[in-house]
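**Student:** structure of the sequence below:
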Amino acid sequence: MKRYVLTGGPCAGKTTVINILAERGYAVLDETARVVIEKEVAKGSDVLPWKNAKKFQETVAWKQLWKEVFAPRNSVLFLDRGIIDGYGYSIMEKVPVPKVISWFGKNRYDTVFLLDPLPFYELDESRMEDQNFAYAVHEEIRKAYVHFGYEVISVPILPPEERTDFVLRNL
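**Tutor:** Presented below is the predicted three-dimensional model:
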C-alpha cells in the first residue's frame, strides 16, 4: 500500500484537496486533530491545544497512529496530515514531542506533499491559531518531515482541482 501525506499549516487547503481525492474515488483519512478537538469540546475536556497542548498532542499522535494502522488496505491512501505533524506543533507549543512520533515516524509514508499557505486565513471552532502561528507551524512541519528523512514536495497555490491534479502527477 502506498501512503501519501498532505500537510501544511492551518488553512492551507489540505482538507479541500483530500475531499476532492475522495470524490475521485481514492481512499482517504481525515484530519485526526480536528476530530479530537470536536469530541473534546463536546465533552468539556481540557484535551485541547489551547488548554493542555501536551495532552492534546499525545492524544492526537496515538489516535493518528491507530487510524493509520487500521486504515483500509487500498493500493493508495491519502492522509490529511500524518503523525509527524504533531512534532512541528509540539515545537511551536513548546511541549515535549510525543514519544510515539519518534518511535513510528520514520519510513511510514511514500510521499509528503506540503501545501503552500493560502493568502487568506479563516478561524473556526477548531482553528484558534492566528495567521502568524499558521505560517510558523507550516515551517516547523516542513522541518519535522525533513528531520524524519522525508523528501517534501511543495504544492503551489492553485485552484483546488489543479492542486489535486498536481498531487496526482507527482505520486
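
**Student:** which stretches in this protein count as helices?
**Tutor:** For the chain, the helices defined by DSSP state H occupy 14-23, 32-43, 53-69, 85-93, 99-104, 131-147, 160-169.

**Student:** got the ones you listed as TSV, with mean pLDDT columns?
**Tutor:** Formatted as TSV, these follow (pLDDT from 0 to 100):
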stretch	mean pLDDT
helix 14-23	97
helix 32-43	93
helix 53-69	96
helix 85-93	96
helix 99-104	96
helix 131-147	92
helix 160-169	98
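
**Student:** count the residues that sit near residue 144.
**Tutor:** 26 (other CB atoms under 10 Å). Using the backbone N, CA and C atoms, a C-beta is placed for each residue, glycine as well.

**Student:** residue 106 and residue 81, how far apart?
**Tutor:** Distance from residue 106 to residue 81, counting by CB to CB, to the nearest Å: 17 Å.

**Student:** touching, residue 96 and residue 54? I think so.
**Tutor:** Yes - between residue 96 and residue 54 there is a contact at 6.5 Å, judged by CB atoms under 8 Å.
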